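Colleague: Here you go, sequence then predicted model.
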Amino acid sequence: MLRLKSLVPMLLLAGLFAAPQLPAQTAQAPMPSQAMIQLGNEATNWLQDLIRINTTNPPGNELAAAKYIGAILDKEGIHYEIFETAPGRGFIVARLSSTPVPDPARALLLMGHLDVVGVDRSKWTVDPFGGVINGGYLYGRGAVDDKAMTIANLATLIELKRTNAHLNRDVIFLAEPDEEDGGTQGMQVIVDKYWDKIAAGFAINESGQVAMKDGKVQYVGVQVSEKVAANVDVVAKGTSGHASIPLKDNPIAHLAAAITKISAYEPPAEFDSVTRAYFETLSNVEDEDTAKWMKVLETPDRGDHAARIISDENPVWAAMIHNTISPTILEAGVRRNVIPAEAKAVLNIRLLPGDSLEVTLAKLTSLVNDPEISFSIEPGTSEPAPSSSVTSDLYQAITHVAATEFPGAPVTPYLSTGATDSSFLRERNVQAYGLLPFPLTEADRLTMHADNERIPLDSFHKGIDFLYTVVSDFAVEK
């Protein structure tokens, strides 16, 4: 869910071993206690160890990671359970209870996923599963997405236990599998078979951002909604034959023409209450030239032009206000001298909440206008889920704590362009919020799913302190 693709190589090379910058606001924020400093150091070791457990999905291997976390909870005297969702795959859940009888409507779920996306080791400057610390950064697949969040949740649970916090609601810890591949062997199984283990009225999960720019936190984005993901196969069929005799119905040529048309298509800009609030907030913190276009995004005379300027400036902003269609896979051919009978591409489509996949496919069919081309929806299309409330007690707690931790940085609701497991919870009326609590620059956020994924250690420690303070504000008796 990242941006500025054309700048990725330059940003990563320029900042690869640069010292991380803490936000200027921390000078005014409360200093962490000695206990929190110690907890941050312990959490760094836990994160290193968790990165060293290769949970690339597929195949996942998340049970090994769950058992590692279980060993940490054993030392802290916190009861936990591990459940297997498929061979070698599973989740771990632990609970700190506030009363003898659970009240799911009040409970808070802290969740993160254990699996990670794959790597091309040849493109990394360090071992992607080595948990290497260099230049103030911790490197490794999952350093940001999502093992850092999982460990921050774990550290928060442990500190609540160590301090014998007087909870006003149950706090539940969950580390789940298969988030990176749709959750069919992860959250889908958990909510269908083990809902009683995680039932909650509120949740904090990945996504959102504590956005740093020019050495300070610019804003805190809290994910309350996300786009709907679908994969669609585009298939061209023709006549196979010897490559020395060109054929007009060559499916590769037809597919290439179709993909060219699809890639050139830009759906119209759309706004909802979440994106309106987001751009309204950013118009107060962005530079003057950018802000002026954000302020007129929905005006009848300048809105379309403003949307084009904002979209050109930042691909994530473009994805937040448009349905997006990205070709991701091409498959064709069996030999260099054989014209194949079929060629296939995969489109990854992300729809704004409320938009119809069928309407989008009808538009693409009309746009391509080729009887040799067909579209079919792959299994596993996510379901649209309602947005979480921006007036709930948890959202207000995040806003309240952020004002202290990052003075001057506004909090805004955020629509994520990528999918998360929060959608499974929102379908069950859980007020779920994406709060990646670590202050990160654009360059650091860009390393998620990319080469040399990394997290600044100072930001990791600050994020643990921020998350713990939010949970304490929300779940601990005053």
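Modeller: Okay, I see it. Computed from a predicted structure; not experimentally measured. Residues are numbered from 1 along each chain as shown.

Colleague: How is the chain divided into domains?
Modeller: Listed by automatic domain parsing, the domain ranges of the chain are 5-224+384-475, 268-322.

Colleague: ranking those by burial, who's on top?
Modeller: By mean neighbour count, with neighbours taken as mean count of other CB atoms under 10 Å, domain 5-224+384-475 ranks first of the domains of the chain at a mean of 20. In this view, the C-beta of every residue, glycine as well, is placed from N, C-alpha and C.

Colleague: Just the element for the nearest residue to Ala43 once chain neighbours are set aside, please.
Modeller: Excluding its sequence neighbours, the residue lying closest to Ala43 (CB to CB, 6 or more residues apart in numbering) is Ala155, at 4.4 Å. When elements are assigned from DSSP states H and E, Ala155 belongs to helix 147-162.

Colleague: can you tell me the average pLDDT over that helix?
Modeller: Mean pLDDT, computed over helix 147-162, is 98.

Colleague: go on, stretch 265-278?
Modeller: Mean predicted confidence for stretch 265-278 is 96.

Colleague: now do the same end-to-end measure for stretch 110-128.
Modeller: Terminal residues of stretch 110-128 lie 26 Å apart, using CA to CA, to the nearest Å.

Colleague: wait, stretch 377-387
Modeller: As for stretch 377-387, its first-to-last residue distance stands at 25 Å under the measure CA to CA.

Colleague: which outside residues touch that stretch?
Modeller: Applying CB atoms under 8 Å, 6 or more residues apart in numbering, the set of residues contacting stretch 377-387 from outside is 182, 184, 224-226, 228-233, 273-274, 346, 351, 353-354, 357, 361, 413, 419, 422-424, 426-427, 429.

Colleague: One more: stretch 122-139?
Modeller: The list of residues contacting stretch 122-139 from outside it, by CB under 8 Å, 6+ apart, reads 16-20, 44, 47-49, 51-54, 119, 121, 140-141, 451-458, 460.

Colleague: ranking the domains of the chain by mean pLDDT, which is last?
Modeller: Between those, the one with the least mean pLDDT is domain 5-224+384-475; it has a mean of 92.

Colleague: from the chain's centre, how far out does it sit?
Modeller: Distance of domain 5-224+384-475 from its chain centroid, counting by CA atoms, centre = their mean, to the nearest Å, is 10 Å.

Colleague: Report the contact partners of Leu50.
Modeller: Contacts for Leu50 (CB under 8 Å, 6+ apart) come out as 65, 68-69, 114, 142, 147, 150-151.

Colleague: just checking, Phe202 touches Leu108?
Modeller: Yes - under the criterion of CB atoms under 8 Å, Phe202 makes contact with Leu108 at 4.9 Å.

Colleague: Which neighbours do these two have in common?
Modeller: Shared contacts of Phe202 and Leu108, defined by CB under 8 Å, 6+ apart, are found at 394, 474.

Colleague: related to what we said a few turns ago, okay, and which of the contacts of stretch 377-387 map to helices?
Modeller: For the contacts of stretch 377-387, the ones inside helices are 273-274, 357, 361, 422-424, 426, with DSSP state H as the criterion.

Colleague: and these as a markdown table, adding distance to Val101?
Modeller: Written out in a markdown table, the entries for those read as follows (distance: CB to CB, whole Å):
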| residue | distance to Val101 |
| --- | --- |
| Ser273 | 37 |
| Val274 | 36 |
| Leu357 | 43 |
| Leu361 | 49 |
| Ser422 | 27 |
| Ser423 | 29 |
| Phe424 | 25 |
| Arg426 | 26 |
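
Colleague: and of those, the nearest to Val470?
Modeller: Of all those, Val470 sits closest to Ser422, with 16.2 Å by CB to CB.

Colleague: Can you give me the separation between that closest one and Ala152?
Modeller: Here Ser422 is placed at a distance of 16 Å from Ala152 (CB to CB, to the nearest Å).

Colleague: still on that earlier bit, adding distance to Glu331, write the domains of the chain out as JSON lines.
Modeller: JSON lines is the format used below for the domains of the chain (distance: least, CB to CB, whole Å):
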{"stretch": "domain 5-224+384-475", "distance to Glu331": "18"}
{"stretch": "domain 268-322", "distance to Glu331": "25"}
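
Colleague: Those: which one's closest to Ser366?
Modeller: Each of the domains of the chain has some distance to Ser366 by CB to CB; the shortest is domain 268-322, at 15.1 Å.

Colleague: Identify the residues contacting the spatially most central residue of the chain.
Modeller: Here the mean C-alpha position of the chain is nearest to the C-alpha of Ser207 (CA atoms, centre = their mean), at a distance of 4.3 Å. By CB under 8 Å, 6+ apart, the residues touching Ser207 are 1, 223, 226, 414, 416, 418, 420, 422, 434-436.

Colleague: ok, so what distance separates Val411 from Lys462?
Modeller: Noted for Val411: a distance of 16 Å to Lys462, by CB to CB.
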